[in-house]
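Enquirer: Below is the sequence, then the predicted model.
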Amino acid sequence: MPRLFWVCLRLAAVGVLGVTAIPGPAAAQGTTEVEVISEPPPQAEPPQAEPLPSEPPPDEVPPAPPPPELDKPKEPLGHLRVGGGVGLGFANDLIVVGLSPQVSYIIKKIVEPGVSIRYQFTRDKVPIEPVTWHTYGASLFVRVFPIQQLFLLVEGEVINTGRKQAGIRFPRETYGNLLLGGGFMIGLAKGVFVASSLKVPVLRNPFYPTAFPIISVGGGYGF
């Protein structure tokens, strides 16, 4: 009897296990179908990057100021000249030798006013007894340079002269005259020049009885 009980108990247990292991019809029909996708899913477009804000154009560099102009030394109105000359004059039996230091001021290399003093020795052989003069004078002159080296000359002078003839001294006398002429001037070095001129007395008087030419050669220095 006990053995039969254990057999029945085992059979009952096997039946319970069988019922539990066999799936029901509902479980068999509930199988999930898997959808097969043959095309790849559409790819989402990447978000467009926002454009970077444009940088403002750089400020224009202002042009550099021009360099300051150096003050050019002002050219003086003119130059002072100091010089002198030796005068020689010749006519019929007349000899004239003179010395004339002078100071002048040339303006713009065109006009040159000046002042001169002079001593002059004159010997005239026309009379029966030769006459000699010792003359002192002063003059104002103006040279005008139409071109760089050539000049025209206008000179007004006042002289005081005394003559001696046959051993007799005569009273001294004063005369004035106007001389016209021209000449040339050449520079030798910085400031150094030589000049030569020819001038003729316009007025007649005992000192200038004729319009004989007076040739002068001299030189000087310009500051």
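Expert: Good, I have the coordinates.

Enquirer: need the contact list for the closest residue to Gly182 other than its chain neighbours.
Expert: Ranked by Cβ to Cβ, 6 or more residues apart in numbering and with sequence neighbours excluded, the top spatial neighbour of Gly182 is Leu152, at 4.9 Å. In short, each C-beta sits where N, CA and C put it, glycine included. The contact partners of Leu152, by Cβ atoms under 8 Å, 6 or more residues apart in numbering, come to Arg143, Val144, Pro146, Gly181, Gly182.

Enquirer: which residues in this structure form helices?
Expert: 2-21, 25-29 (DSSP state H).

Enquirer: Which of these comes out lowest on mean pLDDT?
Expert: If the helices of the chain are sorted by mean pLDDT, helix 25-29 sits at the bottom with a mean of 45.

Enquirer: where does the chain have low pLDDT?
Expert: Applying pLDDT under 70 to the chain picks out residues 1-59, 69-77, 127.

Enquirer: can you map out the strands along it?
Expert: With DSSP state E as the criterion, the chain has strands at 78-91, 94-107, 111-124, 131-144, 150-165, 168-169, 173-189, 192-201, 214-222.

Enquirer: Look up how far Pro206 lies from the closest residue to Val111 other than its chain neighbours.
Expert: Sequence neighbours aside, Val144 is the residue nearest to Val111 in space, at 5.9 Å (criterion: Cβ to Cβ, 6+ apart). Distance, Val144 to Pro206, using Cβ to Cβ, to the nearest Å: 31 Å.

Enquirer: Neighbour count: these two, which is higher?
Expert: Neighbour tally, Val144 and Pro206, criterion other Cβ atoms under 10 Å: the higher count belongs to Val144, 14 against 11.

Enquirer: what separates the more buried one from Lys109, distance-wise?
Expert: With Cβ to Cβ as the criterion, Val144 and Lys109 are 11 Å apart.

Enquirer: cool, and Glu157?
Expert: Distance, Glu157 to Lys109, by Cβ to Cβ: 25 Å.

Enquirer: out of these two, which sits in the more crowded spot?
Expert: Per other Cβ under 10 Å, whichever of Glu157 and Lys109 has more neighbours is Glu157, with 19 against 10.

Enquirer: Quick check: closest non-adjacent residue to the more buried one.
Expert: Closest residue in space to Glu157, ignoring its immediate chain neighbours: Ser139 at 3.5 Å, by Cβ to Cβ, 6+ apart.
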